[in-house]
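>>> dropping a prediction and its sequence here:
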Amino acid sequence: MSRDLLQEIDKKKQQLNAVIMAHFYQLPEIQEAADFVGDSLQLAKQAAETDAQVIVFCGVGFMAESAKILNPQKTVILPDAKAGCPMADMADANALREMKKQHPNAVVVSYVNTSAEVKAESYICCTSSNAVQVVNLIPEDKEIIFVPDKNLGAYIQSRTGRDMILWEGCCPVHDALTTLQLEEQMRLHPGVKVAVHPECPPEITRMADAVRSTAGILEYVRYSPEQEFIIGTEQGFLYTLQKACPEKKFYLARTGFECPDMKYITLPKLNETLINKQYQIEVPEDIRKNAYLALQRMLAIK
Ligand code: 13P
Ligand code: SF4
């Protein structure tokens, strides 16, 4: 980790009146450079409240886009335009409009891992932190269309007893975790608690002791009396966990549990971004206004 580069970034950030936000899956040096590191919900809340003129978002496209939807008058920058989310790309607004026509009375709940256009077609957004709470708020007599993660959707169904119309999408990174891989880690570390993200397939979430968002897993391991954990989510998060709980041990549920999109953001790119202000996020105003309503309904939940 280059201390000089970190100092350089800090200096430029102050000159620009910028705030650097980073998701837990970012590289360790990016987490160190950030003013705020969090899960999707914490980052959205932080973006809604910041006083900074420039938001540099170290994460993937939909996260930076959410920050722009909440702050249209601010400059929002994603240090590498290639950092997308394959799951978000699995839901397109035209197909969602078609589905809404088939179910005219349905309420659309969209995971924040969606494009601004899909959010604009939704009644309310959710993250993995508040998905169960959001779905529980929808009146019992309403059908629910849940977009785009069928795994998170199945997990919500198991927790709420609601039968939802699930979009056929998933996170390729979490969906790739197999029961064989998890069983192998459980065999190597007998009796160790298993904490996984709800983007994992149902056969995995059924095997886990805790199914939580990244911030939820952090809280779980921090307050647990246990000393060792098998973690079923992206490997960048192990840096966060180890930093928060240096005395505890963490084992990744499979080798190569990596989101390549999250890793496009590097320290040199972050430094460059603060010079050339690339790549700025723009959302057309008609889409932004409706997407804002869906995000705001979620953020208003206490
Ligand atoms: P969290 O909101 O739990 O951080 O999840 C975001 C994400 O993209 C998981 O793949
Ligand atoms: Fe998208 Fe999955 Fe990467 Fe999260 S881990 S950003 S859901 S591809």
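Sure, I can see it. Ligands and ions are numbered 1, 2, ... in the order given.

>>> is the lowest-mean-pLDDT helix or strand in the chain anywhere near ligand 2?
Across the helices and strands of the chain, mean pLDDT, DSSP states H and E gives its lowest value to helix 40-49, namely a mean of 93. No. Judged by CB under 6 Å from any ligand atom, helix 40-49 stays clear of ligand 2, getting no closer than 8.6 Å. Every residue, glycine included, has its C-beta placed from N, CA and C.

>>> mind listing what's buried along that helix?
Buried residues in helix 40-49, counted by 16 or more other CB atoms under 10 Å: 40-44, 46-47.

>>> same check, this time on stretch 257-270
Neighbour-count burial for stretch 257-270, counted by 16+ other CB under 10 Å, picks out 257, 259, 261-267, 269-270.

>>> what about it, how long is it end to end?
24 Å (CA to CA, to the nearest Å).

>>> tell me what angle the very next helix or strand once past the least confident helix or strand of the chain forms with helix 40-49.
Next along the chain after helix 40-49, taking DSSP states H and E as the criterion, comes strand 54-58. Following axes from the mean of the first three to the mean of the last three CA atoms, to 10 degrees, one obtains 170 degrees for the angle between strand 54-58 and helix 40-49.

>>> next, the buried residues of strand 54-58.
Judged by neighbour count (16+ other CB under 10 Å), strand 54-58 contains these buried residues: 54-58.

>>> how far does it sit from the chain's center?
15 Å (CA atoms, centre = their mean, to the nearest Å).

>>> can you tell me the average pLDDT over it?
For strand 54-58, mean pLDDT rounds to 98.

>>> so which bits of the helix or strand that that strand is followed by are buried?
The C-terminal neighbour of strand 54-58 among helices and strands, as given by DSSP H and E, is helix 61-70. Within helix 61-70, the residues that count as buried by 16+ other CB under 10 Å are 61-70.

>>> residues touching the one residue in the stretch 101-250 of the chain that gets nearest to ligand 2, list them.
Nearest residue of the stretch 101-250 of the chain to ligand 2 (CB to the nearest ligand atom) works out as Cys171 at 3.2 Å. Cys171 makes contact with 85-87, 113, 149, 151, 199, according to CB atoms under 8 Å, 6 or more residues apart in numbering.

>>> surely Ala64 and Leu78 touch.
Yes. If you go by CB atoms under 8 Å, Ala64 and Leu78 touch, sitting 4.2 Å apart.
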